[in-house]
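A.B. asks: Could you work out the structure for the sequence below:
(chains A and B)
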Amino acid sequence: MFAKQVMDKRFHFLHPKQSVVEAIRLFKTAGEKEGKKVFGMMVIDDDDRLVGMLSMFDILLYIQPKHIGILGEMEDISPEPLFESLLSRIKKIRVEDLMSTTLVSVKPDTHLLVVMDIMIRKHVRRLPVVENNRVIGILYRSDLFHLLMGKLIDDGNS
Amino acid sequence: MTGTADIMPVFKHRSVISGITVKEAMQRQVVQLPIDTPVTQCVRTIIKFKANAVMVTGPDQTPAGVISKTDIIGAFYAGLSLGTPISDIMVAPPLFCEVQDTLETAIDQMQKNSIHQIYVSSEKKNHVVGQVAYSDIVGLLYRYCRACIRSGRCLTDMETKEIPRLMVKDVMTSGANVCRASDPITQVIEILSGRKLGAVLVSDHSNQTLGIISKTDLVLSYIRGIPLDEPAGSIMNTPVAICLVDTLLSDAIQKMFLFDIHRIFVKKTDKGPVMGVLSLSDATRFRSGTCRACAAARILDNS
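C.D. replies: Sure thing, here's the model as predicted:
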């Protein structure tokens, strides 16, 4: 089996110039539409080229106070004022400022075993499928897992 | 004739950080970029990792220079294109201290060269093992204070009152630099670079504080393509982080760490004018923890 047989052709994406606040909103609405949690999205420019990936991790990394480790135990610290301050700061930040630009993608004809190997070695949850510099689909680790493991369960039952 | 030095006892200056090495305060993660990286990507890296400076590496991965927000603001002021490689505006060579150096040596080196962070090398020359900034040093001191049995977290209010603690007023720098909301960005840059500041307050014509412009706001304005003649008010940030002059130094430092800010403006009363500023570098220069008892205790421990 190949990537093109498993990839999801319906995918949600972000634009590099969108604000991070808008991206967070889109994570939520995309998750509601798909009926599953969306942990990250592809970033695609005006020419349909993949230019980055933005994940919840990238956003959390940004809002986390840089020196949080030195505080040690934090039970006596109220988080509310902290979040108010963070929200005012993140308003100016765009998707292109935080997105990861070191990209890993596969072609439609990439074998599923290669896809699985990339997902394991690179610790990626989602892999864009790119053809002629344009994104045509996306592979999710959870979809691949359920596809492969589903067969295992079915075979076991029979 | 016997010289004064022979008959007078010599007192070595001691501070809370005496004897602590760079290794204990340094951060091991160093943000690095190749020499041909365009300025835009460098700014995005600075924003993403909340770094004040980035180490620039040559083709063989060796340190070639350093680029700070100040250098990028210089490029903005000079009207350089965003595609300019960072090698054109970096400062070389980067400054190093060694892992086993004392923090006092590192602070002296930073102050002498007017820099806010210094890279740390191992005994092997040109091998970068970390970096240490003013915030790391204050962080180390604050960590001691927070875990201390004499800290406000461990004692009752009554017991806490008996310990002479440092206040913001003991450490702050009086006065604050201000620009008008209508001033062009060029003027803000001139104030910041001319007076070697990290941020400037923005006020209206009745001297009411409206917001603040930091170096981060300026580098963001650069990559957003905002013209230099735009008014300061269009790029300022609100609200301004404020504390009162009688706030405990430890509380002010905690606020700066939690909010990821390098300075906090000081007022006498909530409604009063800004009378000073407390920065992490002020706290570092003070070379003390947040409690007067601590200095004496550490000197006794050491002896």
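A.B. asks: Could you find the closest non-adjacent residue to whatever residue of the stretch 101-250 of chain B ends up closest to chain A?
C.D. replies: Residue of the stretch 101-250 of chain B nearest chain A, by CB to the nearest CB: residue B:139 (4.1 Å). (Glycine included, C-beta is placed from N, CA and C.) By the measure of CB to CB, 6 or more residues apart in numbering or on different chains, the closest residue to residue B:139 outside its immediate chain neighbours is residue A:70, 4.1 Å from it.
A.B. asks: Make sure the one you found is actually in contact with residue B:144.
C.D. replies: No - using CB atoms under 8 Å, residue A:70 makes no contact with residue B:144, being 9.9 Å away.
A.B. asks: Touching both of those two, which residues are there?
C.D. replies: Residues touching both residue A:70 and residue B:144 by CB atoms under 8 Å, 6 or more residues apart in numbering or on different chains: none at all.
A.B. asks: Now residue A:9. Its backbone dihedrals?
C.D. replies: For residue A:9, the backbone dihedrals (degrees, to the nearest 10) come out as phi -80, psi -20.
A.B. asks: what number of residues lie near it?
C.D. replies: By other CB atoms under 10 Å in any protein chain shown, the residues close to residue A:9 number 9.
A.B. asks: Equivalent analysis for residue A:10, please.
C.D. replies: By the other CB under 10 Å criterion, the neighbourhood of residue A:10 contains 8 residues.
A.B. asks: so how far is chain B from it?
C.D. replies: Counting by CB to the nearest CB, to the nearest Å, the separation of residue A:10 from chain B is 29 Å.
A.B. asks: got it, and residue A:132?
C.D. replies: Distance from residue A:132 to chain B, by CB to the nearest CB: 25 Å.
A.B. asks: mind showing which ranges of chain A have poor pLDDT?
C.D. replies: A:71-76, A:79, A:155-158 (pLDDT under 70).
A.B. asks: Please disregard the earlier target; I meant the stretch 51-200 of chain B.
C.D. replies: The stretch 51-200 of chain B contains residues with pLDDT under 70 at B:124-126, B:149-163.
A.B. asks: Contact residues of it facing chain A?
C.D. replies: B:135, B:136, B:139, B:140, B:142, B:143, B:146, B:147, B:153 (CB under 8 Å from any CB of the partner chain).
A.B. asks: Quick check: phi and psi at the fifth one.
C.D. replies: With angles defined as degrees, to the nearest 10, residue B:142 shows backbone torsions of phi -70, psi -40.
A.B. asks: these two touch, right, it and residue B:252?
C.D. replies: No - counting by CB under 8 Å, residue B:142 stays clear of residue B:252, with 10.4 Å between them.
A.B. asks: Count the residues that sit near residue A:29.
C.D. replies: Residue A:29: 11 surrounding residues under other CB under 10 Å.
A.B. asks: got the contact list for whichever helix or strand it is part of?
C.D. replies: Element membership for residue A:29, per DSSP states H and E: helix A:20-34. Helix A:20-34 has contacts (CB under 8 Å, 6+ apart) with A:12, A:14, A:18, A:37-41, A:54, A:56, A:59, A:62, A:90-91, A:93-95, A:97-98.
A.B. asks: Show me how to select, in PyMOL, the buried members of the residues you listed.
C.D. replies: This is how PyMOL selects the buried members of these, with burial counted by 16 or more other CB atoms under 10 Å in any protein chain shown:
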select buried, chain A and resi 14+18+38+40+41+54+59+62+90+93+94+95+97+98
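A.B. asks: Of the contacts of helix A:20-34, which belong to helices?
C.D. replies: The helices, defined by DSSP state H, take in A:56, A:59, A:62, A:90, A:95, A:97, A:98 from these.
A.B. asks: when you check chain B, which of those residues turn up near it?
C.D. replies: Restricting the ones in helices among the contacts of helix A:20-34 to those near chain B by CB under 8 Å from any CB leaves A:62, A:97, A:98.
A.B. asks: Ignoring the adjacent residues along the chain, who's closest to the spatially most central residue of chain A?
C.D. replies: Taking CA atoms, centre = their mean, the centroid of chain A lies closest to residue A:40, which sits 2.2 Å from it. Excluding the flanking residues, the one nearest residue A:40 by CB to CB, 6+ apart is residue A:55, at 3.3 Å.
A.B. asks: Hmm, residue A:38 and the one you found touching each other?
C.D. replies: No - using CB under 8 Å, residue A:55 is not in contact with residue A:38, being 9.7 Å away.
A.B. asks: burial measure for residue 20, as a count.
C.D. replies: Using chain A here. There are 23 residues near residue A:20, going by other CB under 10 Å.
A.B. asks: please go with chain B instead
C.D. replies: 18.
A.B. asks: before we move on, what about residue B:284?
C.D. replies: 24.
A.B. asks: Residue B:190 too?
C.D. replies: So residue B:190, with other CB under 10 Å, has 14 neighbours.
A.B. asks: State whether it is indeed within a helix.
C.D. replies: Yes - with DSSP: H, G, I helix; E, B strand; the rest coil as the criterion, residue B:190 is located in a helix.
A.B. asks: got a list of what it touches?
C.D. replies: Residue B:190 touches nothing, counting by CB under 8 Å, 6+ apart.
A.B. asks: do that again at 10 Å, thanks
C.D. replies: Residue B:190 sits next to B:77, B:179, B:183, B:184 when contact means CB atoms under 10 Å, 6 or more residues apart in numbering or on different chains.
A.B. asks: Tell me the gap between stretch B:204-219 and the middle of its chain.
C.D. replies: Its chain's C-alpha centre and that of stretch B:204-219 lie 19 Å apart, by CA atoms, centre = their mean, to the nearest Å.
A.B. asks: Could I have the CA atoms of it written out in CSV?
C.D. replies: What follows is stretch B:204-219, C-alpha atoms only, in CSV (Å, rounded to 0.1, in the frame of the first residue of the first chain):
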residue,chain,number,x,y,z
ASP,B,204,0.8,61.3,25.5
HIS,B,205,1.2,65.1,25.7
SER,B,206,-0.1,65.2,29.2
ASN,B,207,2.7,62.7,30.2
GLN,B,208,0.2,59.9,30.8
THR,B,209,1.9,56.5,30.2
LEU,B,210,0.2,54.8,27.2
GLY,B,211,2.4,51.8,26.5
ILE,B,212,5.9,50.5,26.0
ILE,B,213,8.1,49.8,23.0
SER,B,214,10.8,47.1,23.5
LYS,B,215,13.5,45.8,21.2
THR,B,216,11.2,42.9,20.4
ASP,B,217,8.5,45.2,19.2
LEU,B,218,11.0,46.9,16.9
VAL,B,219,12.4,43.7,15.4
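A.B. asks: What are the buried residues along that stretch?
C.D. replies: Buried-residue list, stretch B:204-219, by 16+ other CB under 10 Å: B:209, B:210, B:211, B:212, B:213, B:214, B:215, B:216, B:217, B:218, B:219.
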